[in-house]
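Colleague: Next one to model:
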Amino acid sequence: MQNIRSVCKICEAPVEDVLHVLFQCPHARATWFMSPLGLRTESLTEKPLLEVLLQLWKHLTNTQLAMFMSLGWHIWKARCSYIFQDKQCQPSSTLNDAISLIQQCHFKNGTWLNLGSDGKANSGEVRVQTDEGAQCCCWVDGSVGVTPASQQSGGAAYVLYKQGTLMRYELEYIAKPNSPFQTETQALLSAILAAQQLGVENCTFYSDCQLLIKTLEPTRNFRNIQAADWQAYQSLVRIAQLLLTHPGYCCQYISREENTQAHWLANRARTDRLSYVGFTMPMFSMG
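Modeller: This is a model prediction of the structure:
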């Protein structure tokens with residue numbers, strides 16, 4: 001394989017061939033390892049590129065191969081951006097671009113991509129039950145737990161659908177929340193702000209927190225919220241203002257069993273200390 005350059009401009013390696021650019025450069029290695037494929041490419045240093053590709057071709061599914069090609073393309077684009085535009089891309093940005101591309105391809109066929117923790121991918125129809133007459137539906141949830149250092153941590157999440165198709169989802173890590181109620185209100189506030197930003201005029205927001213739904217009833221007085229939840233109080237005031245200015249928005253209670261996706265995402269935000277916004281079905285399983 002012919003060398004592209006004598007020296008890698010990113011890591012100053014003495015030889016920059018295709019194998020180095022796609023697999024051996026630290027940026028590429030980090031991107032592959034962070035990806036849903038979880039490849040550790042440091043073991044490929046002594047193998048010819050063709051042998052590497054043939055080995056992967058035999059062991060990856062068609063969906064995983066599509067992800068592999070998208071990652072390789074965006075790793076190459078990141079390298080070119082650094083050399084020709086002096087623009088440095090983080091591995092996480094390269095990964096997100098690759099995931100977005102492959103998911104857009106799947107959504108053109110009306111399917112979503114679901115890659116579980118075992119690394120096996122499945123695709124299926126997007127089917128979400130929505131209320132008749134509701135333009136959009138959104139599920140929200142919050143989560144609170146204790147870290148190994150005995151500190152309280154939290155997560156908030158929402159999943160927004162329009163006529164059964166995913167529009168947007170968000171995970172938000174909350175460090176040291178005052179209470180579980182605070183994470184619930186933060187999840188709902190983030191969801192309403194997202195719907196407003198996307199220009200949604202009619203939306204039903206579902207939560208499995210009865211206290212939150214009851215508190216938002218017009219007859220309730222926000223001053224009754226306990227002083228320990230003062231941060232939740234601030235969010236409630238903003239939520240109430242948004243609901244007043246958007247008559248097409250309403251909040252309803254649902255059971256935990258009906259709120260699996262938002263519940264799973266909120267737990268992931270908390271346990272992984274992860275904050276992330278997505279516009280297509282995530283590559284990981286949502287419960």
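Colleague: quick one: the strands in this protein?
Modeller: 111-115, 121-125, 136-146, 152-162, 165-175, 203-207, 249-253, 276-278 (DSSP state E).
Colleague: Would you mind putting those strands into TSV with mean neighbour count and mean pLDDT alongside?
Modeller: C-beta coordinates here come from the backbone N, C-alpha and C atoms, glycine included. Listed next are these as TSV, based on neighbours: other C-beta atoms under 10 Å; pLDDT from 0 to 100:
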stretch	mean neighbour count	mean pLDDT
strand 111-115	20	38
strand 121-125	14	36
strand 136-146	24	91
strand 152-162	25	90
strand 165-175	20	86
strand 203-207	24	94
strand 249-253	17	93
strand 276-278	16	79
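Colleague: will you turn those strands into CSV that also has distance to residue 7?
Modeller: Below are these laid out as CSV (distance: least, C-beta to C-beta, whole Å):
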stretch, distance to residue 7
strand 111-115, 36
strand 121-125, 37
strand 136-146, 48
strand 152-162, 44
strand 165-175, 39
strand 203-207, 54
strand 249-253, 57
strand 276-278, 35
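Colleague: so who does residue 259 touch?
Modeller: 139, 141, 206-208 (C-beta atoms under 8 Å, 6 or more residues apart in numbering).
Colleague: Nearest residue to it in space, ignoring adjacent ones along the chain?
Modeller: residue 208 (4.6 Å; C-beta to C-beta, 6 or more residues apart in numbering).
Colleague: Wait, that neighbour touches residue 143, no?
Modeller: No. Residue 208 is not in contact with residue 143 according to C-beta atoms under 8 Å; the separation is 11.2 Å.
Colleague: Pull up the overlap in contacts between those two.
Modeller: With C-beta under 8 Å, 6+ apart as the test, residue 208 and residue 143 both reach residue 263.
Colleague: For the residue nearest to residue 259, give me the backbone phi and psi.
Modeller: Note on residue 208: its backbone torsions stand at phi -100, psi 10 [degrees, to the nearest 10].
Colleague: so what's it up against?
Modeller: Contacts of residue 208 (C-beta under 8 Å, 6+ apart): 141, 253-256, 258-259, 263.
Colleague: Including distance to residue 41, could the residues you listed go into CSV?
Modeller: Output for the contacts of residue 208, formatted as CSV (distance: C-beta to C-beta, whole Å):
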residue, distance to residue 41
141, 36
253, 48
254, 44
255, 45
256, 41
258, 42
259, 39
263, 35
